[in-house]
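>>> Generate a structure from the sequence data that follows.
(one chain, ligands or ions: 1)
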Amino acid sequence: MKCFLDQKILITGASSGIGKLMAEAFAAEGARVILWGREQAALEAVGKELTERGMRCASYLCDVSRRDSIYDTAERVIREHGPIDILINNAGVVSGRPLLEISDAEIEQTFDVNALAPIWTTRAFLPTMIERGRGHIVTIASAAGLIGAPRLTDYAASKHAAVGFNDALRSELRHLGHRGIRTTVVCPYFISTGMFEGATAATPLFPVLTPDYATRQIVRAIRRGRRRLLLPRAIGVVFLARLLPAPVFDWIARALGVTRSMDGFRGRRSG
Ligand SMILES: NC(=O)c1ccc[n+]([C@@H]2O[C@H](COP(=O)([O-])OP(=O)(O)OC[C@H]3O[C@@H](n4cnc5c(N)ncnc54)[C@H](OP(=O)(O)O)[C@@H]3O)[C@@H](O)[C@H]2O)c1
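From the prediction side, this is the model:
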């Protein structure tokens, strides 16, 4: 069981949603949180709030859709704070529209933020973790990293990439003998942060999660060094369903309402 006291924990996309809540939760346990965000005012507001509550934090503007921005900011963080203990790849975007209604640029942005950024941040911070023989890399992926649905073609593809990256990285670290470096991948269903505003849980099996509950579960999984967190656990049914022929799998997805869940999606564009 990990104790977060004095741990340096870097969170991308920390200016809102579960990124912000995780920052609060870790800082409340005595961690030094390093917040990355792309919007100055929002990031400053979170930093100010934490500092006023006596928590330790540092904020860095970083647009994680840009590799150079990630590498430059990571260098600054290491120079100013030394090696970090836990890297949490949390920043994410969703377009939420059918494939032919999304622009090429939006698809690239989705991949840059959801799939590539975790790879660049890991390449930036892994060397110091290897030097110290310890570290923890967390990927906030999605249930859409396990199963696709309408209006999620780009998002699901990018989150499948994030899950695949985590799985291969975990295997590679062990294979290369870096046993002190852990990975955790988190695959949540909908969380009511606003990112998926308008999307609905079609079955009680997969309820929309509250941000507080999701954050508590994620913090607990990181503390315990769990390799994978499915939220809710029932999402694991996807692994069994995958063993079935594709037409049966598709029928189950339709029957569970997975295919209708994005019909009312508005996302943050709804204002
Ligand atoms: N909410 C859900 O239903 C749900 C379900 C499964 C998985 N997830 C995943 O959980 C993670 C957190 O999402 P959330 O629900 O907390 O939504 P959120 O409040 O929208 O948080 C996403 C964060 O990522 C930041 N971000 C986006 N693009 C960025 C960029 N280019 N550079 C830096 N930061 C960037 C956002 O900053 P701005 O505020 O500046 O845009 C925001 O702070 C995401 O990876 C998401 O895919 C969410």
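
>>> Tell me the secondary structure at whichever residue of the stretch 51-200 of the chain sits closest to the ligand.
Here the stretch 51-200 of the chain gets closest to the ligand at one residue, G92, 2.3 Å apart by CB to the nearest ligand atom. From N, CA and C alone the C-beta is placed, and that goes for glycine too. Secondary structure for G92, judged by DSSP: H, G, I helix; E, B strand; the rest coil, is coil.

>>> so how many other residues sit close to the residue nearest to it when sequence neighbours are not counted?
Distances taken as CB to CB, 6 or more residues apart in numbering put N114 closest to G92, at 5.3 Å, once the chain neighbours are dropped. For N114, the number of neighbouring residues by other CB atoms under 10 Å comes to 31.

>>> How about A241?
If you count neighbours by other CB under 10 Å, A241 ends up with 17.

>>> any idea of the mean pLDDT in stretch 153-170?
Mean pLDDT, stretch 153-170: 98.

>>> For it, buried residues please.
For stretch 153-170, the neighbour count (16 or more other CB atoms under 10 Å) marks 153-163, 165-166, 169-170 as buried.

>>> What average pLDDT does stretch 104-116 get?
For stretch 104-116, the per-residue pLDDT values average out at 98.

>>> what about it, distance to the chain center?
Here the centre of mass of C-alpha atoms in stretch 104-116, compared against the chain's by CA atoms, centre = their mean, to the nearest Å, lies 14 Å away.

>>> End to end on that stretch, go ahead and measure it.
Start and end residues of stretch 104-116 are separated by 16 Å (CA to CA, to the nearest Å).

>>> how about it, does it get close to the ligand?
Yes. Using CB under 6 Å from any ligand atom, stretch 104-116 reaches the ligand at V113.

>>> Check stretch 221-240 too.
No. For a cut-off given as CB under 6 Å from any ligand atom, stretch 221-240 has no contacts with the ligand; the smallest distance is 8.1 Å.

>>> Same question for that stretch: list its buried residues.
Residues of stretch 221-240 classed as buried by neighbour count (16+ other CB under 10 Å): 221-222, 226, 228-232, 235, 237-238.

>>> quick one: average pLDDT of that stretch?
For stretch 221-240, mean pLDDT is 95.
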